[in-house]
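1. model this:
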Amino acid sequence: MLRVDSTSDVSLTEQIRRGIRRAISEGDVEPGDDLPPVRQLAADLQVNLNTVARAYRELEREGLVSTVRGRGTVVAAERSRQRVPRGELRGRVRDLVADARLSGYRRADIEKLVLKELRRGAW
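-> Presented below is the predicted three-dimensional model:
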């Protein structure tokens, strides 16, 4: 389901959070699906269980997952997800473009990457 890179500058918690967000957005996991238990995912990824628990808590704060007593963490129903305000989304896109520019990508490269991701997603 997901991988982490211990040599990355991105924290393990953030890598897990992003990976699960991506799986939800691409339809790899559907509303109501169970996520792996914290201990299991931590063992699978070879990370501390607190790292996974922190990622799950952040996803719950975002409204993407919920904890169900006796069942564990499940993907939240569509209607319970919070919409990202347009201004915040615009800011994230600006940050992405700035990072790409600073990394030496050309405009055409950035456009190709974004279009490829848009085509890939489950709409």
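
2. make it CA atoms for all contacts and neighbour counts henceforth
-> Fine.

3. how's this structure carved up into domains?
-> 12-80, 86-120 (automatic domain parsing).

4. need the winner for burial among the ones you listed.
-> Greatest average neighbour count among the domains of the chain goes to domain 12-80 (a mean of 17), per mean count of other Cα atoms under 10 Å.

5. now it: mean pLDDT?
-> Per-residue pLDDT values across domain 12-80 average out to 92.

6. do the same with stretch 92-99
-> 90.

7. which outside residues touch that stretch?
-> residue 110 (Cα atoms under 8 Å, 6 or more residues apart in numbering).

8. which of the domains of the chain sits closest to residue 5?
-> Judged by Cα to Cα, the one of the domains of the chain that comes nearest to residue 5 is domain 12-80, at 7.4 Å.

9. rewinding a little: wait, which of the domains of the chain is closest to residue 3?
-> When these are ranked by distance to residue 3, counting by Cα to Cα, first place goes to domain 12-80 at 6.8 Å.

10. can you list phi and psi of residue 112 for me?
-> The phi and psi torsions at residue 112 (degrees, to the nearest 10) take the values phi -60, psi -40.

11. distance of it from residue 106?
-> Taken as Cα to Cα, to the nearest Å, the spacing of residue 112 relative to residue 106 amounts to 10 Å.

12. equivalent analysis for residue 84, please.
-> Relative to residue 106, residue 84 is positioned 28 Å away (criterion: Cα to Cα).

13. picking that back up, JSON lines for the domains of the chain, including distance to residue 3?
-> Below are the domains of the chain laid out as JSON lines (distance: least, Cα to Cα, whole Å):
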{"stretch": "domain 12-80", "distance to residue 3": "7"}
{"stretch": "domain 86-120", "distance to residue 3": "19"}
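
14. residue contacts, residue 72?
-> The neighbours of residue 72, taking Cα under 8 Å, 6+ apart as the test, are 34, 35, 37.

15. hey, what's it bridged with?
-> Note on residue 72: beta-bridge partners residue 68, judged by DSSP bridges.

16. next up, phi/psi of residue 75, please.
-> The phi/psi pair for residue 75 (degrees, to the nearest 10) is phi -70, psi 130.
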